[in-house]
Each structure stands twice: as structure tokens, then as C-alpha cells.
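J.: how would this look folded up:
(one chain, ligands or ions: 1)
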Amino acid sequence: MRKKLLLGNWKMNKTPAEAKAFALSASEMVEYAVAHNIDVGVAPTFVCLQTVKENINPKCIVSAQNCNEHDHGAYTGEVSIPMLKAVGIDWVILGHSERREYNGETSKACNAKIKALLANEMTPVYCCGESLETFEAGKTKEFVEEQIKTGLADLTKEDAEKVVIAYEPIWAIGTGKSASKEIAEDTIAFIRGVLREMFGEVAEKIRILYGGSVKPVNVAEYMSAPDIDGALVGGASLEPDSFKALIEGIANSK
Ligand code: PGA
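T.: Numbers count the residues shown, from 1 in each chain. Below is the predicted model:
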């Protein structure tokens with residue numbers, strides 16, 4: 001049985017003071033999540049990682065939103081894995097559609113980062129998902145299959161087991177237009193099939209999250225789908241009350 005995971009993607013929101021205030025207010029909700037066998041985490045911006053890590057309940061995962069695959073060097077504006085480790089970070093989101101769109105992040109580049117993270121015993125959260133155009137053309141599956149096959153190319157079964165996947169249809173991100181539970185489950189079950197083809201039975205252990213306008217009102221419905229193992233949440237993860245309501249929604253979905 002795969003353990004449910006709720007990950008809040010804060011994107012480019014919160015100053016260090018705001019991030020610290022969230023961290024300090026989160027202790028009880030993190031305990032509640034743990035008590036209900038739910039993994040919970042937040043992904044602040046680079047400048048807030050250290051303050052969140054230092055002030056949040058240590059049972060809460062703290063994830064970066066990107067990293068560079070090189071340890072150090074002439075890569076202006078980048079942050080390396082050893083730097084993240086030095087402030088206690090061991091999870092990183094990769095390949096988010098916003099980074100693919102605005103920063104030219106490719107599945108191939110994600111593959112290099114995923115390998116570097118795994119070599120450092122860190123957990124990559126690899127995002128995939130199609131545009132509205134691709135969805136309407138009925139090409140979601142072939143598009144997502146390519147992202148998964150390229151992003152996870154050449155991983156061993158042992159490493160593949162440590163990766164978390166997030167399926168986020170771009171047309172559902174921040175739009176309030178969430179994919180129906182049926183669409184999300186259909187694509188996520190398909191992704192599990194691709195993982196099975198690549199890594200055999202290890203695919204049953206890999207967690208696949210849904211993301212895209214997940215809110216306290218709809219989170220339980222997604223969690224009741226057999227292949228959906230959690231949620232990657234943007235907007236609704238920013239305020240403590242809403243984040244708490246998401247945790248409660250997952251707890252009550254069982
Ligand atoms: P959203 O964002 O919940 O605001 O739609 C999800 C994401 O982009 O991770």
C-alpha cells in the first residue's frame with residue numbers, strides 16, 4: 001500500500017518572514033498528518049528553504065522547486081545539490097510545467113538532475129502533464145509517455161522506486177478547472193503502466209500525485225481513486241488553514 005503524500009508547491013510566493021510564520025503555525029497539522037499515515041511537505045523558494053527547515057515540525061518534508069545537476073561552478077543563478085543538502089533539504093521538484101515553459105527545462109535536463117539527486121540519496125518529484133491543445137487533440141498519453149520515458153531514462157529499478165511522479169495537466173494548473181477524477185485516474189493509471197514497462201513490478205511502489213486546482217473541496221475525491229497517491233498543490237497550499245483542510249480531506253478520504 002503506497003503512503004499518501006501532500007506536497008505544497010509555494011511557487012514564487014512568500015518572503016522569508018511569511019514562510020517562517022507558516023512554518024511556526026504548522027506543527028499540529030503535521031502531527032495530524034503523521035497520525036493519519038500521510039506524508040506532508042512544502043516547497044518554498046530557495047531563499048526561504050533554510051528558515052522553513054529550521055522552524056517547521058521536523059516531520060514535515062521541505063522540498064526545493066529546482067536544482068542544478070553540477071556540484072559547483074560557473075552557473076550563474078543556479079543552486080546545487082550539495083548547497084541544498086547543507087541546509088537540510090533532501091527533496092526537489094523537477095520539470096514543473098512553469099519551469100518547462102518559462103525556463104526551457106526539458107525532460108532530458110530533468111533526467112540529468114534526477115540522476116544527480118538519486119546519487120545523493122535525495123528524492124526527486126518529477127512533474128509531467130500536457131497542454132490544453134494536446135489534451136483536446138487526444139494526445140495526452142503519448143505526450144506524457146515521452147516525458148516519463150525521457151525523464152526517467154536509464155534509472156535502475158532500485159532508483160526508480162525512490163522517485164515521486166506528479167501528473168499535472170497544464171490546463172488545470174491555477175485555472176480553477178481541475179481535471180475530473182476519471183481523467184486524472186485514467187492518465188495516472190496509464191503512467192503506472194509506462195513505469196511497469198520500464199521498471200517491472202517496482203511500478204506498484206512508485207507514488208504518482210495529481211496536481212492542478214486541487215482544493216480542500218475536491219481533494220478527497222481524487223484520493224479515492226486507486227492509482228492517485230497524493231496531491232501536488234499550488235494555490236491552496238499557501239495559507240495554513242487551507243493546507244490543514246487539504247490534510248483533513250486526505251485523512252477523511254480513506
Ligand atoms: P494549483 O498549482 O494547485 O495552483 O493549480 C498546482 C501546481 O502547479 O503544482
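J.: all contacts plus neighbour counts: C-alpha atoms, from now on.
T.: Will do.
J.: the helices in the stretch 1-150 of the chain, which residues?
T.: 16-25, 27-35, 46-55, 81-86, 97-103, 107-119, 132-136, 140-151 (DSSP state H, counting those that start in this stretch).
J.: report pLDDT for K254.
T.: What the model reports as pLDDT for K254 is 62.
J.: same thing with G176?
T.: G176 carries a pLDDT value of 81.
J.: make sure it is actually in contact with K215.
T.: No - with contact defined as Cα atoms under 8 Å, G176 does not reach K215; the gap is 9.0 Å.
J.: neighbour count for those two, which is higher?
T.: The neighbour count for G176 versus K215, taken as other Cα atoms under 10 Å, is higher for K215 (22 against 13).
J.: okay, now the nearest residue to T134 once chain neighbours are set aside: neighbour count?
T.: Excluding its sequence neighbours, the residue lying closest to T134 (Cα to Cα, 6 or more residues apart in numbering) is T140, at 5.9 Å. The number of residues packed near T140 is 18, by other Cα under 10 Å.
J.: ok, now which ones touch T140?
T.: Shown in contact with T140 (Cα atoms under 8 Å, 6 or more residues apart in numbering): 129-130, 134, 187.
J.: K20 too?
T.: 48, 51-52, 55-56.
J.: weakest of the helices of the stretch 1-150 of the chain by average pLDDT?
T.: Ranked by mean pLDDT, these bottom out at helix 132-136, which scores a mean of 94.
J.: tell me how far that one is from the chain's mean position?
T.: Helix 132-136 sits 22 Å away from the centroid of its parent chain (Cα atoms, centre = their mean, to the nearest Å).
J.: and if you look at stretch 203-216?
T.: 8 Å.
J.: can you check stretch 82-97 too?
T.: The answer for stretch 82-97 is 12 Å, by Cα atoms, centre = their mean.
J.: check stretch 194-207 too.
T.: Distance, centroid of stretch 194-207 to centroid of chain: 18 Å (Cα atoms, centre = their mean).
J.: stretch 178-185 too?
T.: Stretch 178-185 has its average C-alpha position 17 Å from the chain's average C-alpha position, going by Cα atoms, centre = their mean.
J.: show me what it is in contact with.
T.: 167, 169, 172, 210, 212-214, 221-222, 225-228.
J.: do that stretch and the ligand come into contact?
T.: No - Stretch 178-185 is not in contact with the ligand by Cα under 6 Å from any ligand atom; minimum separation 7.7 Å.
J.: CA atoms only: put that stretch into CSV for me.
T.: What follows is stretch 178-185, C-alpha atoms only, in CSV (Å, rounded to 0.1, in the frame of the first residue of the first chain):
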residue,chain,number,x,y,z
SER,A,178,-9.4,20.7,-12.2
ALA,A,179,-9.3,17.5,-14.3
SER,A,180,-12.1,15.2,-13.3
LYS,A,181,-11.2,12.3,-11.0
GLU,A,182,-11.8,10.0,-14.0
ILE,A,183,-9.4,11.9,-16.3
ALA,A,184,-6.8,12.1,-13.6
GLU,A,185,-7.1,8.4,-12.7
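J.: that concludes my questions; thank you for your assistance.
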